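**Q** got a predicted structure plus its sequence, pasted below:
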Amino acid sequence: MANPRSAAELEKYLKGVDYPASKKDLLSKAKSNGAPQDVIDMINSLSESHFNSPIDVTKSLGKSH
């Protein structure tokens, strides 16, 4: 299961993402929202490459960590 603090941190930097979104879209939005490198690394570690909703991102985070 994902660390809730990590999921909450990730959601903070993904604010404004238009879903469905690719991992590339998530990375772009996180960077534009000022995400630190550890958050960028967290997105890069996600097992999925396409997300239909923030819930998909959280589920993928749970699979990756």
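**A** That came in fine, so what should we check first?

**Q** OK, contacts around the most centrally placed residue in the chain?
**A** In the chain, the centroid-proximal residue (CA atoms, centre = their mean) is residue 43; its distance is 4.8 Å. Residue 43 makes contact with 10, 23, 26-27, 30, 35, according to CB atoms under 8 Å, 6 or more residues apart in numbering. All C-beta atoms are positioned from the backbone trio N, CA, C, and that covers glycine.

**Q** try it again with 7 Å
**A** 23, 26-27, 30 (CB atoms under 7 Å, 6 or more residues apart in numbering).

**Q** so where's this protein shaky on pLDDT?
**A** 1-5, 64-65 (pLDDT under 70).

**Q** please, which helix or strand holds residue 35?
**A** Assigned by DSSP states H and E, residue 35 belongs to neither a helix nor a strand.

**Q** distance of the closest residue to residue 15 other than its chain neighbours from residue 56?
**A** Leaving aside its chain neighbours, residue 15 sits nearest to residue 33 (6.3 Å; criterion: CB to CB, 6 or more residues apart in numbering). Using CB to CB, to the nearest Å, residue 33 is found at 19 Å from residue 56.

**Q** show me which residues of stretch 55-65 are buried.
**A** Going by neighbour count (16 or more other CB atoms under 10 Å), the buried part of stretch 55-65 is 56-61.
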